[in-house]
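Chemist: Pasting a predicted model and its sequence here:
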Amino acid sequence: MRLGISTSVFCDRPIFEALPLIAKEKFEVVEIWSSPDSQLQYTHFDVRNLKELEELKTQLAAFNLKAISLHSPFYPSFDLSHPDPSIQEESINVTVAAAKALKEIGGEILVVHPSGVEKNQFSELTEENKRLELIRKNIGIIYQYTHKLGVILALETLLPQFLGSNLDFLFHLVSSFPEDVGICFDTGHVLLNHQADIDLQYKKIAKRVVSLHIQDTLGQHDDHLVPGDGIINWQNFIEALEEEKFKGDFLLEINGLSFKDNPEALLQKARLQSLEKIKGKRVKNL
């Protein structure tokens, strides 16, 4: 498996400041983060900014980095399950724009959140079911574009409070499409969702998993820690990946805010600890 990292680790700064740091630490592949910040500003990268897109292509080539995937924008303002047709339309449009940007930079996998709403926002089961149907419908619309573009559509395993986070629902949803629709398996989200060994959850849906978001957690919050800094049993998970013949990348999605003043130290720590988990033995800093 190649070792990769999401540029979300530097989501609070422009992507062009992040790529040199990532390349220096010898990560082989990256996932491009494209969500707005809490003020709905595209501080990091805007998939609809053609100038930024061209510069991204230039920098990826200059640093010899492969952008294997791109995380489509998400925020409460983007929600494929929303009953308001205008919000649905904008959510579809920004996702399609992300797919086109992914194709332009030579990427392969578009990661999408099935919904952007927490289940406590509605109490009626009928509303929940209606919104699940909207997810199915709108993923079908997006698939028409991703299939034509020749990129894989990967629906992410969400945190337990979000609509669409049920693994059975997600598995059955992607199974209703051809194999260029799959699942992005987020290790921390699945642990928090099931409070059980993630290797067992992975095996249940492994045949449709096309990408990973690797992060650790202390078991209470969506911590996005470096593998080994939380409670996940990485040996069992790595063995499950090998047993199920996972062919994708070991791609980290970690929080960089605590290392804001020393990002190089975080990237070095992340690379070494991840390689130790993959190889099952201590790795020297090279």
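Modeler: Happy to help now that I have it.

Chemist: hey, where'd the helices end up in the stretch 1-150 of the chain?
Modeler: Secondary structure of the stretch 1-150 of the chain (DSSP state H, counting those that start in this stretch): helices at 15-24, 50-62, 85-104, 125-149.

Chemist: so what's the residue nearest to residue 229 when sequence neighbours are not counted up against?
Modeler: Excluding the flanking residues, the one nearest residue 229 by CB to CB, 6 or more residues apart in numbering is residue 216, at 5.2 Å. Every residue, glycine included, has its C-beta placed from N, CA and C. Residues near residue 216 by CB atoms under 8 Å, 6 or more residues apart in numbering: 187, 188, 223, 225, 226, 227, 228, 229, 230, 231, 232.

Chemist: Phi, psi for residue 216 please.
Modeler: Here is the backbone geometry of residue 216 (degrees, to the nearest 10): phi -110, psi 170.

Chemist: distance of it from residue 265?
Modeler: Distance of residue 216 to residue 265, computed by CB to CB, to the nearest Å: 17 Å.

Chemist: before we move on, the earlier item: kindly reformat the helices of the stretch 1-150 of the chain as TSV and extend each row with mean neighbour count, mean pLDDT and distance to residue 116.
Modeler: Putting the helices of the stretch 1-150 of the chain into TSV (neighbours: other CB atoms under 10 Å; pLDDT from 0 to 100; distance: least, CB to CB, whole Å) gives the following:
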stretch	mean neighbour count	mean pLDDT	distance to residue 116
helix 15-24	18	96	22
helix 50-62	15	97	23
helix 85-104	19	97	8
helix 125-149	16	96	10
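
Chemist: want to try CSV for those helices, with distance to residue 178 as columns?
Modeler: Below are the helices of the stretch 1-150 of the chain laid out as CSV (distance: least, CB to CB, whole Å):
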stretch, distance to residue 178
helix 15-24, 31
helix 50-62, 28
helix 85-104, 16
helix 125-149, 8
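
Chemist: wait, isn't residue 276 in contact with residue 228?
Modeler: Yes - in this structure residue 276 lies within contact range of residue 228 using CB atoms under 8 Å: 7.2 Å.
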